[in-house]
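Undergrad: Quick one: sequence and predicted model below, then my questions.
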Amino acid sequence: MKLVRHFAMGTAVAAVFAGWSGAAMAQETLTAWFTKGFYKGEDDALLAVVDKFQKATGVKVELSLYATEDCVTKSVGAVDAGTPPDVGFCTTYDFRTTGKWAYDGKLEDVSDVLEPLKADIQPMALSTTFLMNGKAGKKSYYAFPVEQQMMHITYWKDMLEEAGFKEADIPKTWNGYWDFWCDKVQGGMRAKGKRVYGIGHPMGIAASDTFYSFLTFANAYNAKVVDENGKIVLDQPENRKAMVEAVKSYANVFQRGCTPPSSVNWLDPDNNVAFHNRTTVATHNATISIAGKHMDDMNNPALTAEQRATAKKNYEDNIRTAEFPLKADGSKMTNLAAVKTAVIFADAKNKKRAKEFMAFFMKDENLRPFVEGSAGRWVPTTLKAIEAPFWSDGKDPHRAVVYKQYKDGTVPFQFVYNYNFTTVNAENVWAKAVNRVVQDKIPAEQAVDEMIARIKQIAG
Amino acid sequence: MKKFLDEGKLLLVAIPVLVWTLLPIYHLFVLSISNQESMLAGKLWPDQPTLQNFQIVFAQQHYYLHNFWRQMFNSFFIAVATGLITLFVATFAAFAIARLKVKGGRTIMNLALATYLIPAAFLAIPMYKAMGSYGLLNTQASLILAMVALASPYAIWVLKQASDKLPKELDEAAVMDGATSIQLFRLVYLPLMKPSMVVIGIYALLLAWNEYLYAFLLLSSEKAVPLAVGLGLFLSADDAPWNLLMAAGLLYAIPPAAIYYLFRKNMVGGLTSGAVKS
């Protein structure tokens, strides 16, 4: 009797385990991990692509959507464990892992999929996916450029007017621009007894906003950090000098008291928060998410009519998105763009179908609704999509500026040429140098020398 | 006077600890009753407190909350299953080691305790790999099994200590009356172990309820994840609707608080029962 009982229990347990694992074996599957969109439209567009692909191929796509940080953390874990999904698209892969994975041979070469699409993709965006594979000893296409982000200035127009200025008063020169927000606008608000700061200036070492903002300043001073072969050139005298000026310029905003003192500890959401609660008149941010929040609110049926009306007024009238001013030498600013990359993993179980899926996903009719679903947070990488009315008709005040910035030209981050710069950014040597100047009161020259030494240790 | 001074010293310690403990809860509550405009104003109390956020959460009206109730159910299911399976494993193990004195029981106890030298986070990737090998990834079973694996060593240890306190004479008397091992377990051991089992059940349940790392590693589908992972979606962007997140977080915090309140008497008795060896 005991034996029978044990046998029955064993069979039951085995059946349950078999059931758990067996269901997945019935149909050919493709596993895809994506970052969950901020808007429903983004995910709906993705689900529509998945649905169309499933109907066309009969392959079941097991799609999982994750929060931004979870997505990359989970992907790293899965790659380390040797059980990655077939397709991965997390919006921080480019900052953290794409270059390293390509170098370590963890990614599938996708040249055969990208080659036929090359003519349709913005050359700069495409170049960010041409990566070095240390194992193979050659460069090739190891990722898909899906969408990108750029830096923008955002300011409250009504607060600017309250300080006694018009938009036409905003200077175009580099120093004049920051002086304007710092002295005139902040001064105007303070004269009215309002404890408001001219600029929300990310300074926190733990914030990616800080290195994105700082590298835009470095770009404004033409401080070149690496060449296209990944060799560090920051120690060359002209680049070192330019970087010193960039550090001085970035630190200057804080030293003059034009950003909240707490900005030295800000994390990524904090400049948004300070802007929304009108502690700052202007800020710089990597996407138009600040304005986007108000667009989201104005279309949110769960809010009251009054709340929606306020949000609409803010989005359409009170909040402005603007380009950065001219570079310090008076030339036109080129925008630092971070291209968000999708990958197929070398250890993927279904690489053939993964390539088919990505070729399908990258088609304009599939990719464009996905990118546009983000309501302007992400910018297209394809030449056709950026010319779509969504961007080019000028009806949306914020997207019109993004379009103009795109047209002015974009440049990639250093990690595209040398993947070790993902570590440099993670360590935020840029913010550390600025904080050495403002907190430890050392000269900018010394801070830059320390910065160069550390960069050489990490990426040299 | 001395008594007054002693109490004063205690208050000096107690008040900061109390404020430190309650401040995050207060912050959670204030944000949950703040509207869009006032949530970022940094005020100690919103000008116009509102229950609108709870209404949005209850009706799943925000995009990130479309699976709120389902994920809440997932949290319940995973937590209760973890609690029950851990109890099942730990009670049998403790009974076998403490009462039946099985060979190697002491070694098993030491091994169980040794697992506590390795932080759970270090085991996440090996666990992920193991679940992948068994074809269990993206099933709630994987998370339940992982949680049971993490909860069991401590559960066995506490129950074994509590078992040691039961008089041996009870077992001997039952055996004299012809009781089998299973009868001994069911009719003598289980009724006496009830307070400790309540504690261990709640411990395992709360461990699973609060788990985040393993949940998001082992589960992928939005419909399968517990609420802790579901709420993580709010952090996808730097403009998170914090007021909704806090309202949902407050609701998520209620069940464990209620469970603790319901079983508080057993908690105290059960915790101390395994504390010292008699």
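TA: Received it, and whenever you're ready, just let me know what you need.

Undergrad: Now do the helices in chain B.
TA: B:2-32, B:52-58, B:68-94, B:105-114, B:124-133, B:140-164, B:168-176, B:181-183, B:190-209, B:213-218, B:227-232, B:242-262, B:264-273 (DSSP state H).

Undergrad: and the residue in the stretch 101-250 of chain A that chain B sits nearest to, what helix or strand is that in?
TA: In the stretch 101-250 of chain A, the residue that lies nearest chain B is A:Asp209 (7.8 Å; Cβ to the nearest Cβ). Yep, even glycine has a C-beta here, placed from its N, CA and C like the rest. Element membership of A:Asp209, judged by DSSP states H and E, is helix A:208-220.

Undergrad: domains of chain A?
TA: A:26-142+A:338-408, A:151-334+A:421-459 (automatic domain parsing).

Undergrad: What's the mean pLDDT across the last one?
TA: It refers to domain A:151-334+A:421-459. Domain A:151-334+A:421-459 carries an average pLDDT of 94.

Undergrad: Now the phi/psi pair for residue 167, please.
TA: As the question left the chain open, I've gone with chain A. Here is the backbone geometry of A:Glu167 (degrees, to the nearest 10): phi -60, psi -30.

Undergrad: Wait, a strand at A:Ser64?
TA: Yes - checked against DSSP: H, G, I helix; E, B strand; the rest coil, A:Ser64 lies within a strand.

Undergrad: Just put the domains of chain A in TSV and tack on mean neighbour count and distance to B:Met176.
TA: Shown next, in TSV, are the domains of chain A (neighbours: other Cβ atoms under 10 Å in any protein chain shown; distance: least, Cβ to Cβ, whole Å):
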stretch	mean neighbour count	distance to B:Met176
domain A:26-142+A:338-408	19	54
domain A:151-334+A:421-459	19	68
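
Undergrad: so which of those comes closest to B:Tyr189?
TA: B:Tyr189 sits nearest to domain A:26-142+A:338-408 of all the domains of chain A, at 40.4 Å, using Cβ to Cβ.

Undergrad: The residue of the stretch 101-250 of chain A closest to chain B and A:Ser289 touch, don't they?
TA: No - taking Cβ atoms under 8 Å as the definition, A:Asp209 is not a contact partner of A:Ser289, at 10.8 Å.

Undergrad: Take the domains of chain A and write them to CSV, including distance to B:Pro16.
TA: Formatted as CSV, the domains of chain A follow (distance: least, Cβ to Cβ, whole Å):
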stretch, distance to B:Pro16
domain A:26-142+A:338-408, 33
domain A:151-334+A:421-459, 22
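
Undergrad: out of those, which comes closest to B:Arg99?
TA: domain A:26-142+A:338-408 (40.0 Å).

Undergrad: any idea how far that closest one is from the chain center?
TA: The chain centre lies 13 Å from the centre of domain A:26-142+A:338-408; the measure is Cα atoms, centre = their mean, to the nearest Å.

Undergrad: likewise stretch B:65-83?
TA: 13 Å.

Undergrad: quick check: mean pLDDT across it?
TA: Mean per-residue pLDDT for stretch B:65-83: 96.

Undergrad: Quick one: check it for contact with chain A.
TA: No - Stretch B:65-83 stays clear of chain A (Cβ under 8 Å from any Cβ of the partner chain), getting no nearer than 8.5 Å.

Undergrad: Would you map the helices across the stretch 351-460 of chain A?
TA: Ranges of helices within the stretch 351-460 of chain A are A:351-361, A:364-372, A:383-386, A:389-392, A:397-408, A:421-427, A:429-438, A:444-459, based on DSSP state H, counting those that start in this stretch.

Undergrad: Which strands or helices does the helix holding A:Asp209 pack on?
TA: Judged by 3 or more Cβ pairs under 8 Å, 6 or more residues apart in numbering or on different chains; DSSP states H and E, the packing partners of helix A:208-220 are strand A:144-156, helix A:237-255, helix A:268-276, strand A:280-286, strand A:335-344, helix A:429-438.

Undergrad: out of those, nearest to B:Asn110?
TA: Among the helices and strands packed on helix A:208-220, strand A:335-344 comes nearest to B:Asn110, with 44.9 Å by Cβ to Cβ.

Undergrad: Buried ones in stretch B:204-212, by neighbour count?
TA: B:204-209, B:211 (16 or more other Cβ atoms under 10 Å in any protein chain shown).

Undergrad: need the residues of the stretch 101-250 of chain A near chain B, please.
TA: Going by Cβ under 8 Å from any Cβ, the residues of the stretch 101-250 of chain A near chain B are A:Asp209.

Undergrad: Many thanks, have a good one.
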